[in-house]
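> Fold the following and give me the result.
(chains A and B)
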Amino acid sequence: MQNMKIEETKYTPAIELDASGAITIVGKSYPENTFEFYAPVMKWVESYFESGAKKLAVNMEIVYFNSSSSKLFFDLFDLLEENNNPELIVNWIYDAENESAMEAGEDFKEDFEKLQFNLKAK
Amino acid sequence: MDIENKLVNEIAQLQHNFAETTNKLIKDIKRQNKILEQSDKRQRKEYDELLALKQEIEETQREVVFTMGAIGESRSKETGNHVKRVAEYSKLLALFYGLDEQEAEMLKQASPMHDIGKVAIPDAVLNKPARFTNEERVIMNTHAELGFQMLGTSKRPLLKMASIVAYEHHEKYDGTGYPRGIVGEDIHIYGRITALADVFDALGSDRVYKKAWEDEKIFTLFKEERGRHFDPRLIDIFFDNLDAFLSIRDRYRDVAGQH
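Numbers count the residues shown, from 1 in each chain, chains lettered A, B, ... in the order given. Take a look at the predicted model:
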């Protein structure tokens, strides 16, 4: 497994995929073509689990995002839930004043009961 | 019996598949609704933020512009509500002339800056209690071009407009004004409007060095200066709507120094 890094832009978040078991997505998510933009990320996650790895910490700190990004995050969490194990955790990090980021996190947590989904206010 | 069991099994399997598929569909639809709800909520919030920002920008602009006008005014001998009245007269003239509401409102905000160039005129000239020498008059008259230079570098539409007003509010329709001595409609409508508004208010107000003119005297001068100092069309507009201009004057009358 290779590590992967996508630099932050005006419309897209900084993404780090660490083969030792960590994913970080930080920033805004308004890609022009959301599914195309995140395709390498989804592929990486699939390969990661196919390789037999289990331990994975996903840290997401998304300040602003469009609706196709919400859809994509649902898909990502689906993929995580399919490969759920005791060593897999998701941390949804948000600024306490960012109401929409908090509510989105609550929605995800509610939808993915099996995942260890933590809401962390900064 | 066997056939029946097989059929039952098949149906049971179908039932199971159907339940799975419909459950998935229901889940998907619920998700889509959630995404839509989230998105609507965010959009509303962003819209609110945008409106608040727009308001903030407009209020800041209004304040900055008004303060700049007040600075220009404080450097000149004009006092009281002069700046406010010139602003209101200018908007009214602009509307009657045929400019749209937005442009007229902008001119109202820009016109108070017409004398901003006076901040660069030396005190000894600006505050001289006696008549200007020719040399002093030349220095004094540079305030128009100075104002133009101060404001003209801005890309903001309002400040660009203000730079035109500053530059051309002492031009005269017959070409005898300054700084460039341009003629007729070569003088921008913003300049022609502010010239009339400024003079009307200056003549009608008490100043430390003069008493306010009687209305009849002002009107006689305006009729004489129709097509000379002032755009004839604006003079016609002024007399056709005299009551509206006089009611602005009453509304923003100076507290002290009434005539």
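
> all contacts plus neighbour counts: C-alpha atoms, from now on.
Noted.

> isn't there a helix covering residue B:135?
Yes. Residue B:135 sits within a helix when classified using DSSP: H, G, I helix; E, B strand; the rest coil.

> How about the contacts made by it?
Applying C-alpha atoms under 8 Å, 6 or more residues apart in numbering or on different chains to residue B:135 gives no contacts.

> what about it, distance to residue B:125?
To residue B:125, residue B:135 is 10 Å away according to C-alpha to C-alpha, to the nearest Å.

> Next: residue B:86.
Going from residue B:86 to residue B:125 by C-alpha to C-alpha gives 24 Å.

> do the same with residue B:153
Relative to residue B:125, and taking C-alpha to C-alpha, residue B:153 is found at 26 Å.

> same check, this time on residue B:146
In terms of C-alpha to C-alpha, residue B:146 sits 15 Å off from residue B:125.

> out of these two, which sits in the busier spot?
residue B:146 (21 against 17; other C-alpha atoms under 10 Å in any protein chain shown).

> Let me see the confidence value for that one.
Here, the pLDDT recorded for residue B:146 equals 95.

> can you pull the buried residues of the helix or strand it falls within?
Element membership for residue B:146 (DSSP states H and E) is helix B:134-152. Neighbour-count burial for helix B:134-152, counted by 16 or more other C-alpha atoms under 10 Å in any protein chain shown, picks out B:140-152.

> Only the C-alpha atoms, please, for stretch B:122-141, written as CSV.
Coordinates of each C-alpha in stretch B:122-141 appear next as CSV, following Å, rounded to 0.1, in the frame of the first residue of the first chain:
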residue,chain,number,x,y,z
PRO,B,122,-2.7,75.0,2.5
ASP,B,123,-4.5,76.5,5.5
ALA,B,124,-3.2,79.9,4.8
VAL,B,125,-5.1,79.9,1.5
LEU,B,126,-8.1,77.9,2.5
ASN,B,127,-8.9,80.0,5.7
LYS,B,128,-7.9,83.4,4.4
PRO,B,129,-10.6,85.8,5.6
ALA,B,130,-10.1,88.2,2.7
ARG,B,131,-10.4,88.0,-1.1
PHE,B,132,-8.0,85.7,-2.8
THR,B,133,-5.1,87.1,-4.9
ASN,B,134,-4.9,85.6,-8.4
GLU,B,135,-2.1,83.3,-7.2
GLU,B,136,-4.2,82.1,-4.3
ARG,B,137,-7.2,81.6,-6.5
VAL,B,138,-5.1,79.4,-8.8
ILE,B,139,-4.0,77.3,-5.8
MET,B,140,-7.6,77.1,-4.5
ASN,B,141,-8.9,75.9,-7.8
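
> now the helix holding residue B:146, how far from the centre of its chain.
23 Å (C-alpha atoms, centre = their mean, to the nearest Å).

> again, but for stretch B:157-165
9 Å.

> CA-only coordinates of that stretch in CSV, if you can.
This file holds the C-alpha atoms of stretch B:157-165, laid out as CSV (Å, rounded to 0.1, in the frame of the first residue of the first chain):
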residue,chain,number,x,y,z
PRO,B,157,-17.8,52.4,-8.9
LEU,B,158,-18.9,54.8,-6.2
LEU,B,159,-15.4,56.3,-5.7
LYS,B,160,-15.0,56.5,-9.5
MET,B,161,-18.2,58.5,-9.7
ALA,B,162,-17.0,60.7,-6.8
SER,B,163,-13.8,61.4,-8.7
ILE,B,164,-15.8,62.7,-11.7
VAL,B,165,-17.9,64.8,-9.4
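
> Show residues contacting that stretch.
So stretch B:157-165 is in contact with B:106-107, B:109-111, B:113-114, B:147-154, B:188, B:190-191, B:194, going by C-alpha under 8 Å, 6+ apart.

> Nearest the middle, which residue of chain A would you pick?
Nearest to the mean C-alpha position of chain A, counting by C-alpha atoms, centre = their mean, stands residue A:60 at 5.2 Å.

> Residues of chain B that sit close to chain A?
B:32, B:34, B:35, B:36, B:38, B:39, B:41, B:42 (C-alpha under 8 Å from any C-alpha of the partner chain).

> three-state assignment of the first one?
Which is residue B:32. helix.

> Phi and psi next, for residue A:6.
When read as degrees, to the nearest 10, the backbone of residue A:6 gives phi -120, psi 120.

> confidence score at it?
For residue A:6, pLDDT reads 97.

> could you give me the average pLDDT of the helix or strand hosting residue B:217?
Counting by DSSP H and E, the element that carries residue B:217 is helix B:215-224. Mean pLDDT, computed over helix B:215-224, is 95.
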